[in-house]
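> After the sequence you'll find the predicted model.
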Amino acid sequence: MEDANAKVAQLPSPSDEETHATRAIAFPDEHGEINEEKAHHTHLRPKGVEMKREMTKEDKELAAAGYEHLDEHKAKGEKTDDSFDNVDIQEHRLPFDKLILAVDTNIDTKDPGSSYGLTAEEAKEKLARDGPNVLTPPKKKSAFRKYMDCLLTMFNILLIFAGILEYILLGINFHENFANTYLGGILIAVAFLNAFIEFYQLQKSEAILASFLAMIPPSCRVVRDGTIASIPAADLVKGDVVLVRVGDKTPADLVLFAATDLKIDNSSLTGESEPQERFPKPNGHPVRPVEAENLIFNSTLVVNGEAWGVVVRTGDHTLIGQIASLTGGESGNASPLSVEIGRFVMMVSIIAILFAIVFFVVGITTAYKGKASQTVTFAVSILVAFVPEGLPSVVTLLLSIAARRMAAQNVLVKDLQGVETLGSLTLLATDKTGTLTRNQMTVTNIWSGGKMYSAFQSNNDNEETAPFSIDAPGMRETVDIAALNSRIKFDKTDVPFDQRQILGDATETGLTRFAGRYVSDYDEHLKSHPKVFEIPFNSTNKWALVILGKKHATGYLTSYIKGAPERVLAKCTTYIKDGEVHPMTDEFKKEYDQAYDYMASRGHRVIANAQRLLPSSEYTQHTAFTKDQYPSTEYTFVSLTSLEDPPKHGVREAIGTLRLAGIKVMMVTGDHPKTAEAIARKINLILGDTKETLAAKTGRPLEEIYDDEVDAVVVHGDDIDGLQGWQWDQIFAKDEIVFARTSPQHKLEIVKRAQALGHIVGVTGDGVNDSPALKKADLGIAMNISGSDVSKEAANMILLDDNFASCVKGVAEGRQIFVNLKRSIQYTISHSTPEVIPQLLYVVVPIPLPLSAILILVIDLGFELFVALSFAWDKPETEDGLMRMAPRKPVNNNSILSLKRKALRRTKTLRRDTETQQVIPPSKFSNLKTKLKAPFTREFYEDLFERTGNESLVDAKLLSYAYLEAGMIEMIGALVAYFVVFFKAGFTPNDLRRAQVNGSYFVKGAPDFINGRGQTLTASQQVDAFGQAQSIVYLSVFIIQCFNVFAVKAKFSYPFGKSIVGNYYNFAGIVAGACLGMFIVYTPPLHVVFGGSVHLSPLYWLVPVAFGVLLLAWASLRVVLMRKSIEHSKVKDIKGLMMFPTMRTMSMRSKH
């Protein structure tokens, strides 16, 4: 591979539509000089200036930072070349005699139908030896292992540990700690229930997924013991003789020994949309397997002809199996959501453990005075108050509900957390063929007699471009050539034309579909003009010719030819204009060149059509034509026809919507750069100028166009391997990026480089060639209908209807689920302050315990769980929803610079081998030492408090709201209600402190208490007052939390609008919580476990209601204070976006 600085792409040539390409991005050499070097295409390629200034050594070091781990992999010799180079398939190189010996079979190359093949016994032995012809699915964890993974999370471990601790206390002193029986059991049960809910949802989603994945074609035609039979493809073995026909999926890797007009669709492997001709090579073909013309691969589609082949590879040894092993070698990343939840869980757990230890120490030295068992229970209640026990269940259920909603929109989520990842994307890399386009060639323009016609409704062609009409001059002849000079077949002929599946290559299929719209009875039309002689299209001639029994004024036979324009034109001496034949002139050829350029400049495939009306004086109905004797000159030029693989309907609006949502969308394709750029311009992917288009517009030389003058770039795959860090930075700094002529390993490299810059990368694709990148990406999105099995296995998400526009729904759903999760967490942890502070007052002041550990559990797992779940059905707050906001972790110059500085700092601290300069990995002890030292360094706090535009699931704003704003309002409201209830019962705050210091009141059998006013309060009055006080604290938290349900939603608008209160599930959750609260407080038998009192007056509820209203007022003020920062984070309008259906502009002209 040459250095990137010497790479050049071919410039378009009007003489051959097959060689159209666009100049890719070029880079200066180390010294910033511009050279001209000969590339291996034999074209001169100028090297473009990419930067206005010389890069210093520091600049280059900083630019390379963050990529060092990728570059080191290259240095170690890890495979970074095209993965096809490393495929272990050699049989296609062998001549027939050696091939027969190598695979131990019996074939007849002259009469393939007479081949004997393997015997049944031989096939049975080989099947036992080599195994079935199936791709080995990835290893999966057992159900028990999955459940244990769900169980052994930090929250669950804390709960189990606390529960076990309670039972240990029970064993030490059974009578004193009997109440802990319930507490310990509930804590442990909650942990196992959390794990079960998560496990159940995972199993459910996997079961749905299993029904969509089929690993290989089900059956095939094989010759054994001299007879042909249909057998399951899984039973194929090396040496089997297989017959494949149009419409078949190839069942294994086959070397051909006989073929008739065979064409194979390799797009799922190579990304090339054009079917490839394949034929036998008696002496073998010593090239790479993917380029071998005598080899066809497992799971590729036969689009034309038929062939006989010998199986040379099965199962995991096929090319697709070896590519799958490349996929398996790339481990996917943890989703952003799982990383953030893990971080939050760890943070809360550490805080909970620290507070529990501190409170244990304070409690045992003050309130409990050495009573260890009671102090432990108190510490556990602190732990329980801090740990949101229901959170794992809520997160899993919220994601499951969202996943079900997405499945209804034809988006199948394999990994539940992938739902949210789609909403976090900052960059979406998409394949072209079959993903953005239909993989279905379509006629767009026809030029005949000096006039251009549009085959589709369009308002983007030139003014002189007329809509297609069958009655226009030259059009009926064009339709006849498309219909009659064709080798396509139909799957059925007993159904209307538009319901038939057309079997043939993409170009002929497109022409036939076009002709079918204007021929009333297609089958009758073919029958009435029988073929007399035919020369099929081949890569040498680049044209197809047919002679038909079609009468005309001077004879009975008509010859039609179609193919590469320059080849067809060379056979013509005249042309049709307005129904008359004229001799060719220089003026005609000039018009022809202009029409050809008009079509080809948009990346369309252009073919020419011509006819010759054979006079009966020279050619009778009985004339015998041969491949050496047929009319090959003096044709009349009829028309030029252009075809394109059009964008799928809705793709353009989808990409426009994604870009307005701040997501960078880039195309990564194996196709021609010119074709890729032309499609990109139609679908909102490229709106601005590339260096080439700017040079053409301004008339300036290409090397004088500076990099910062353009917003778009088309990068050729040949350049990728030689790119340096700063060059990657320049590419990703562009708003509009297309990578063309890429290999699977290139796609993988692109994903890794983007991730190194902090991008959360999504990759969409349908081919085997996409699967390594799908696996490595933060979110792999595969196609279900057109997608290969390997790509579906590698992806996290599958679009069941192959509709790219479903990605938009997915992003909107992902962003909304993030907001809903955030609201749910914000709501859930708001009750921590009113749970913990009263516990602190109980120890420090002290006062009677406002809230017992068991009531804290009831809050966390009772009404909180119902309401927290109801957030899953929240709708977007505004009409645009979240699709005009930047991604929550935007990648910009500041974020990239920050990442690189940190990476550079890491790089400079790494030890290197003095000879090889390779990094010596630090030991575990060294890593631990570094982590322990980190908090004592300046860089640690610089990084910690660095201002970024990122929005985390749990950030400072959320914690501030939950603990300091809403939490404090709830805590004050609960304590006010607590003291009011006690006051009405005869206890002032000072009385409470005095009674609690004494330590013997508020229990059955307690001595009478004389309050500050001289009133005597009996034990029963004390117990009832205590029960009422604990009940009102519990109910206060519930009532204020009911207001908090709407307060946490107020971000764009006040907490009163329809979007805020429109979720009926919120009210259902509140009603369920209210029922639970009333049941616990006002049911006497439950007082044994939970405390409480039936005497609590509903009038006391008005205290927390007042504080709830105060919370809504604060939330409204918060909206006003934060409005400016929210407006600032919205994505600005993008000039030139086309947000109307693609169908209207399928033949849109490129503006340059």
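Right, received. Where do you want to start?

> switch to C-alpha atoms for all contacts and neighbour counts from now on
Noted.

> And the residue with the largest distance to the centre of the chain, how close does it get to residue 991?
The C-alpha centroid of the chain is most remote from residue 1014, which lies 73.4 Å away (Cα atoms, centre = their mean). Per Cα to Cα, to the nearest Å, residue 1014 is found 11 Å from residue 991.

> can you check residue 135 too?
77 Å.

> Equivalent analysis for residue 970, please.
Counting by Cα to Cα, the gap from residue 970 to residue 991 is 24 Å.

> Between those two, which has more neighbouring residues?
residue 970 (33 against 19; other Cα atoms under 10 Å).

> Make sure that one is actually in contact with residue 831.
Yes - the pair residue 970 / residue 831 is scored as a contact, 7.3 Å apart, by Cα atoms under 8 Å.

> between those two, what contacts are shared?
Listed as contacting both residue 970 and residue 831 by Cα atoms under 8 Å, 6 or more residues apart in numbering are 1037, 1041.

> Quick check: chain neighbours aside, which residue is closest to residue 285?
residue 93 (4.7 Å; Cα to Cα, 6 or more residues apart in numbering).

> Can you report phi and psi for that neighbour?
Phi and psi for residue 93, reported as degrees, to the nearest 10, are phi -80, psi -20.

> That one - how many residues pack around it?
22.

> Residue 190 versus the residue nearest to residue 533 when sequence neighbours are not counted, what's the distance?
Leaving aside its sequence neighbours, residue 533 sits nearest to residue 547 (Cα to Cα, 6+ apart; 5.1 Å). Applying Cα to Cα, the value for residue 547 to residue 190 is 81 Å.

> Which one of these two is surrounded by more residues?
Neighbour count, other Cα under 10 Å: between residue 547 and residue 190, residue 547 has more, with 26 against 20.

> contacting residues for that one?
By Cα under 8 Å, 6+ apart, residue 547 lies in contact with 531, 532, 533, 534, 557, 558, 559, 560.

> Give me the secondary structure label for the fourth one.
The three-state label given to residue 534 by DSSP: H, G, I helix; E, B strand; the rest coil is strand.

> from what I can see it touches residue 558, true?
No - contact status for residue 534 versus residue 558: not in contact, 11.9 Å apart, counting by Cα under 8 Å.

> Am I right that residue 229 falls within a helix?
No - per three-state DSSP, residue 229 lies outside any helix segment and is strand.

> That one - how many residues pack around it?
If you count neighbours by other Cα under 10 Å, residue 229 ends up with 12.

> how many neighbours does residue 907 have?
17.

> Residue 940 too?
Number of residues near residue 940 (other Cα under 10 Å) recorded here: 13.

> low pLDDT regions in the stretch 201-350 of the chain?
The stretch 201-350 of the chain contains residues with pLDDT under 70 at 205-218, 271-273, 324-334.

> just the helices in it please.
For the stretch 201-350 of the chain, applying DSSP state H, counting those that start in this stretch gives helices covering 267-270, 319-329, 336-365.

> Export those helices as a markdown table, with columns for mean neighbour count and distance to residue 286.
Output for the helices of the stretch 201-350 of the chain, formatted as a markdown table (neighbours: other Cα atoms under 10 Å; distance: least, Cα to Cα, whole Å):
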| stretch | mean neighbour count | distance to residue 286 |
| --- | --- | --- |
| helix 267-270 | 23 | 19 |
| helix 319-329 | 22 | 17 |
| helix 336-365 | 17 | 47 |
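
> Pipe these into JSON lines and attach distance to residue 122 per row.
Shown next, in JSON lines, are the helices of the stretch 201-350 of the chain (distance: least, Cα to Cα, whole Å):
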{"stretch": "helix 267-270", "distance to residue 122": "32"}
{"stretch": "helix 319-329", "distance to residue 122": "24"}
{"stretch": "helix 336-365", "distance to residue 122": "52"}
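
> out of the contacts of residue 547, what pair is the most spread apart?
Greatest spatial distance among those (Cα to Cα): 534 and 557, at 12.8 Å.

> Could you chop this protein up by domain?
Here the domain assignment for the chain is 107-120+219-321, 411-437+649-802, 442-644, 893-945, 955-1128, based on the TED database.

> what pLDDT does the residue nearest to residue 285 get?
pLDDT for residue 93: 90.

> Can you give me every residue that contacts it?
So residue 93 contacts 283, 284, 285, 286, 287 (Cα under 8 Å, 6+ apart).

> Contacts only, for the closest residue in space to the first one that isn't next to it in sequence.
Spatially, and ignoring its direct neighbours in sequence, residue 283 is nearest to residue 95 (4.0 Å; Cα to Cα, 6+ apart). Taking Cα under 8 Å, 6+ apart, we find residue 95 in contact with 281, 282, 283, 284.

> quick one, phi/psi of residue 545?
Per-residue torsions, residue 545: phi -130, psi 140 (degrees, to the nearest 10).

> distance of it from residue 627?
For residue 545 relative to residue 627 (Cα to Cα), the value is 11 Å.
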